[in-house]
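Undergrad: 3D, please:
(chains A and B)
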2 protein chains.
Amino acid sequence: MSDPITPLGGRAVFDGKTFSVRVERFAHDDGEEVEREVVRRQDAAAIVAYDEQNVWLVRQPREAILQHTLELPAGKLDVEGESPLQTAQRELGEEIGKSAQHWQPVISYFSSSGYSDEEVHIFAATGLRDVDADSDPGERIEIVPWPLADLDAAIEACQDAKTVIGLQWLAAARRTP
Amino acid sequence: MSDPITPLGGRAVFDGKTFSVRVERFAHDDGEEVEREVVRRQDAAAIVAYDEQNVWLVRQPREAILQHTLELPAGKLDVEGESPLQTAQRELGEEIGKSAQHWQPVISYFSSSGYSDEEVHIFAATGLRDVDADSDPGERIEIVPWPLADLDAAIEACQDAKTVIGLQWLAAARRTP
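TA: Numbers count the residues shown, from 1 in each chain, chains lettered A, B, ... in the order given. Below is the predicted model of the structure:
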């Protein structure tokens, strides 16, 4: 349906710990070439974990915007060989100390593909059980069980793309049994 | 509710045309200091524009992911002094050649605040009329009127954060008159 985009190569301009930046050239099918500044970053996995009463969220500092934000538990795919689902399962233990019996893919989306290749994979997790998991001591994470009865208030309180998407999905899923 | 985050300054490592990157230090309230690699980028505005039959989408190349993606009309807040609403109104004309009588803020969210400060402001636009607007010749934009009756298929077909959020909002709004 759409013309192919051909990468022509480029150069690294920043190689960081959590992402890199490249200036790259691409050719469109009609021969036009364009230059783009692109962030290359590991993909992430996020979890809509819920039981009969609550959806399990976290509140954590996001220094880039000088705010603490209400978010789905999530993490980068930074373990070699791990699938998005395996990352989601690991992060659910690390961030909120739970495992889940049932996992369902919800959606995968690109955060902002005008400049970044980051893709986020969201899963729903149910059949939750407490586990002894080692939390990452470097993360300042407050666990926030949010009542399902107030789901619309959570959607209004959060400002984070993956969280808005996951909670909108959950609200729609609960309206459509 | 949450401890303040204090910026301690940092250094620019990339200064591009569409974003810059800084390595910055921040202090938490308990004295701990952290370093973060941060993308600084102009915010954006996006529009859920719909009439009785269709929601008006666009398909455009996103070189960073080598794909053409189905998206809400949108654009960066790159005109000095323009508010998010004014950007949305301008982009609706430039991208799909329409103006709207009624505008409503839907949500503002951060694309990926673990590394970027980009915020996206979504508006709903109704009472659409055709206008003669100068489209940006540098943009390869295909206008896609998508039937409201197939809204769920649009949510499945899109992979773009603002579009998933805007279309899920529209689907919920149509279920709740």
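
Undergrad: does the longest helix belonging to chain A come close to chain B?
TA: Ranked by number of residues, the top helix in chain A under DSSP state H is helix A:161-175. Yes. Using C-beta under 8 Å from any C-beta of the partner chain, helix A:161-175 comes into contact with chain B via A:A161, A:V164, A:I165, A:Q168, A:W169, A:A171, A:A172, A:R175. C-beta here means a position set from N, CA and C on the backbone, and glycine is covered the same way.

Undergrad: wait, the second one sits on B:A172?
TA: Yep, that's A:V164 we're talking about. No. Counting by C-beta atoms under 8 Å, A:V164 does not reach B:A172; the two are 11.7 Å apart.

Undergrad: Comparing these two, which residue is more hemmed in?
TA: More crowded of A:V164 and B:A172, by other C-beta atoms under 10 Å in any protein chain shown: A:V164, with 27 against 15.

Undergrad: Tell me how far the more buried one lies from B:R36.
TA: Between A:V164 and B:R36 the computed distance is 23 Å (C-beta to C-beta, to the nearest Å).

Undergrad: what does A:A161 give?
TA: 18 Å.

Undergrad: Next up, the contacts around the residue nearest to A:Q60 when sequence neighbours are not counted.
TA: Spatial nearest neighbour of A:Q60, chain neighbours left out: A:I141 (5.0 Å); criterion: C-beta to C-beta, 6 or more residues apart in numbering or on different chains. For A:I141, the contacting residues are A:V58, A:R59, A:Q60, A:E95, A:S135, by C-beta atoms under 8 Å, 6 or more residues apart in numbering or on different chains.

Undergrad: ok, residues contacting the one helix or strand A:A45 maps to?
TA: In this structure, A:A45 is located in strand A:44-49 according to DSSP states H and E. Residues outside strand A:44-49 that contact it (C-beta under 8 Å, 6+ apart): A:55-56, A:71-77, A:84-85, A:87-88, A:91-92, A:96, A:98, A:100, A:106, A:118-126, A:128, A:162-163, A:166-167, A:169-170.

Undergrad: Just the ones of the residues you listed in helices?
TA: When DSSP H is applied, the contacts of strand A:44-49 are split such that A:84-85, A:87-88, A:91-92, A:96, A:162-163, A:166-167, A:169-170 fall in helices.

Undergrad: in chain A, which segments are predicted with low confidence?
TA: Scanning chain A for pLDDT under 70 picks out A:1-2, A:133-138, A:177.

Undergrad: picking that back up, so how far is B:E118 from the residue nearest to A:Q60?
TA: Between A:I141 and B:E118 the computed distance is 23 Å (C-beta to C-beta).

Undergrad: Repeat that for A:D15.
TA: Remark: distance between A:D15 and B:E118 (C-beta to C-beta) = 21 Å.

Undergrad: Would you mind telling me which of these two has the busier surroundings?
TA: Shown here are A:D15 and B:E118; by other C-beta under 10 Å, B:E118 has more neighbours (26 against 11).

Undergrad: Pretty sure that one sits against B:S20.
TA: No. Judged on C-beta under 8 Å, B:E118 makes no contact with B:S20 at a distance of 11.9 Å.

Undergrad: what do these two both touch?
TA: Joint contacts of B:E118 and B:S20 (C-beta under 8 Å, 6+ apart) are B:V39, B:R41.

Undergrad: list the buried ones in stretch A:168-177?
TA: For stretch A:168-177, the neighbour count (16 or more other C-beta atoms under 10 Å in any protein chain shown) marks A:Q168, A:W169, A:L170, A:A171 as buried.

Undergrad: Contacts for the longest helix of chain A, please.
TA: Residues outside helix A:161-175 that contact it (C-beta under 8 Å, 6+ apart): A:44, A:46-48, A:50, A:55, A:57, A:69-72, A:74, A:106-107, A:109, A:111, A:120, A:122, A:124, A:148, A:151-152, A:154-155, A:158, B:107, B:109-112, B:120, B:161, B:164-165, B:168-169, B:171-172, B:175.
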